[in-house]
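Engineer: Sequence and predicted structure, then a few things I'm wondering about:
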Amino acid sequence: MDRTILHCDLNCFFASVELLGHPELRDLPVAVCGDPTSRHGVILAKNESAKAFGVQTAETIWQARRKCPELLLLPPHHREYRRISRLVNAIYQEYTDRVEPFGVDESWLDVTDAIHLFGGDGKALADTLRRRIREELGLTISVGVSYNKTFAKLGSDYKKPDATTVIARADMERMVWPLPVGALLFVGRATQRALEPYGVRTIGDLAAFDPGSLETLLGKLGRQLHQYANGLDTEPVALANAHTPPKSVGSGLTFSKNLTTWEAVRGGTALLADRVATELRKNAMVCRTLQVTLRDPNFKDICRQRPVATPTQFARELTGEAVEILKACWRPGSPIRALTLTAQNLCPQEEAWEQTSLFPGPDDRARKKQARLEAAMDTIRAKYGDGSIALGGTAPQSAPGEEME
């Protein structure tokens with residue numbers, strides 16, 4: 001028997017939450033953004049009125065205001081977004097114990113065991129949830145209903161705002177396959193660029209592509225995407241409040257001044273590596289691939305990645321790997337506006353700590369020393385706060401950064 005999976009997506013979430021306190025602005029173009037006076041001010045969210053002018057998430061404020069000079073800007077309140085998100089998920093949990101958040105504004109629900117209470121109709125349950133969220137919290141959601149997580153998410157994106165879309169098994173060829181391949185879960189811009197020379201532009205093209213060739217082209221992700229495109233996603237929805245290990249861990253900075261020297265770049269890189277390493281240790285994960293993305297003042301991105309020499313969760317090792325990547329794609333003097341480090345290809349730390357020699361050498365002893373040092377830092381930060389201690393050299397001189405929005 002097919003499962004009944006819902007994907008619930010809060011519409012224009014940040015902007016909608018802000019407008020709860022500003023109902024007089026509801027019909028005006030509104031965006032939530034970072035500091036408009038700084039270099040890192042970008043659009044975090046926009047309401048439907050702003051969207052009608054072509055305002056897009058992640059573009060700069062000046063770009064958005066060129067499209068919509070009357071755009072009203074509101075600052076973000078992330079603590080409030082998290083509070084509302086918890087209330088929304090508590091409503092979901094009244095219907096099933098399998099509620100898996102996907103970010104602060106999206107969740108999957110497996111309602112297979114509860115659907116009989118709604119006449120076996122997933123659409124009826126989705127409409128009930130939409131009504132409750134609207135009446136009790138003043139927000140709207142779009143809901144996709146399908147037999148797997150991938151197609152349920154496609155359904156919630158299919159029609160917005162405040163809509164329910166059902167994608168049954170028989171609807172795959174008619175509804176799913178004509179969609180752009182970028183609409184499929186985990187098909188980002190880099191994957192789209194890799195697929196385009198082979199004529200893969202729709203999900204149907206991807207479904208018809210040879211899975212072995214996809215694996216050669218994209219690694220394990222290629223075969224996974226082929227299964228997704230053919231409706232073969234069997235991944236379960238996690239239990240509510242269960243810890244779901246991250247698939248990647250990243251951190252980015254937009255700098256108040258462009259970085260142009262190796263000294264400044266190493267400092268910024270070390271700061272990001274420390275953040276990424278700390279998050280990896282919190283999740284008891286190590287990374288086997290590191291990706292570095294640099295952005296110039298013209299907002300052109302260069303993205304490079306490579307396997308790390310040894311699976312790691314240590315800031316110094318991540319810094320060294322990142323610097324090696326940068327040496328291959330950056331020249332001193334070329335201005336860097338922003339940097340992002342992303343740890344990928346993660347695995348549990350216990351799977352990676354394999355002794356490669358019966359007689360530990362200097363490298364093994366150095367790693368154990370580094371592990372003790374960074375574990376001690378974690379303990380201090382847990383007690384006194386994240387800013388209480390840092391590794392030496394983790395601040396770019398004369399170029400302090402702000403966290404990327």
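Structural biologist: Sure thing, it's come through.
Engineer: alpha carbons only for contacts and neighbour counts from here, please
Structural biologist: OK.
Engineer: where along the protein do the helices fall?
Structural biologist: 13-20, 48-51, 61-67, 78-92, 122-137, 149-158, 189-195, 203-208, 211-218, 220-229, 262-282, 315-327, 349-352, 362-384 (DSSP state H).
Engineer: Just put those helices in CSV and tack on mean pLDDT.
Structural biologist: Shown next, in CSV, are the helices of the chain (pLDDT from 0 to 100):
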stretch, mean pLDDT
helix 13-20, 96
helix 48-51, 96
helix 61-67, 92
helix 78-92, 96
helix 122-137, 96
helix 149-158, 97
helix 189-195, 88
helix 203-208, 97
helix 211-218, 92
helix 220-229, 93
helix 262-282, 94
helix 315-327, 94
helix 349-352, 70
helix 362-384, 66
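Engineer: Quick one, which of these gets closest to V237.
Structural biologist: The minimum distance between V237 and the helices of the chain falls on helix 149-158, with 7.6 Å, by Cα to Cα.
Engineer: Can you give the contact residues for that closest one?
Structural biologist: 5-9, 108, 142-146, 163-167, 176, 183-185, 228, 231, 233-237 (Cα atoms under 8 Å, 6 or more residues apart in numbering).
Engineer: Just the angle for that helix relative to helix 220-229, thanks.
Structural biologist: Counting by axes from the mean of the first three to the mean of the last three Cα atoms, to 10 degrees, helix 149-158 lies at 70 degrees to helix 220-229.
Engineer: and helix 149-158, how far from the chain's centre?
Structural biologist: 17 Å (Cα atoms, centre = their mean, to the nearest Å).
Engineer: any idea how far V286 is from the nearest residue to R288 once chain neighbours are set aside?
Structural biologist: Leaving aside its sequence neighbours, R288 sits nearest to P311 (Cα to Cα, 6 or more residues apart in numbering; 4.8 Å). Distance of P311 to V286, given as Cα to Cα, to the nearest Å: 6 Å.
Engineer: which one of these two has more residues nearby?
Structural biologist: Legend: neighbour count by other Cα atoms under 10 Å for P311 and V286, higher for V286 (28 against 22).
Engineer: ok, now which ones touch the more buried one?
Structural biologist: L280, P311, T312, Q313, L346, C347, P348, Q349, A352.
Engineer: Is it possible to get JSON lines of the residues you listed that adds distance to L195?
Structural biologist: Listed next are the contacts of V286 as JSON lines, based on distance: Cα to Cα, whole Å:
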{"residue": "L280", "distance to L195": "30"}
{"residue": "P311", "distance to L195": "29"}
{"residue": "T312", "distance to L195": "30"}
{"residue": "Q313", "distance to L195": "32"}
{"residue": "L346", "distance to L195": "24"}
{"residue": "C347", "distance to L195": "27"}
{"residue": "P348", "distance to L195": "30"}
{"residue": "Q349", "distance to L195": "33"}
{"residue": "A352", "distance to L195": "32"}
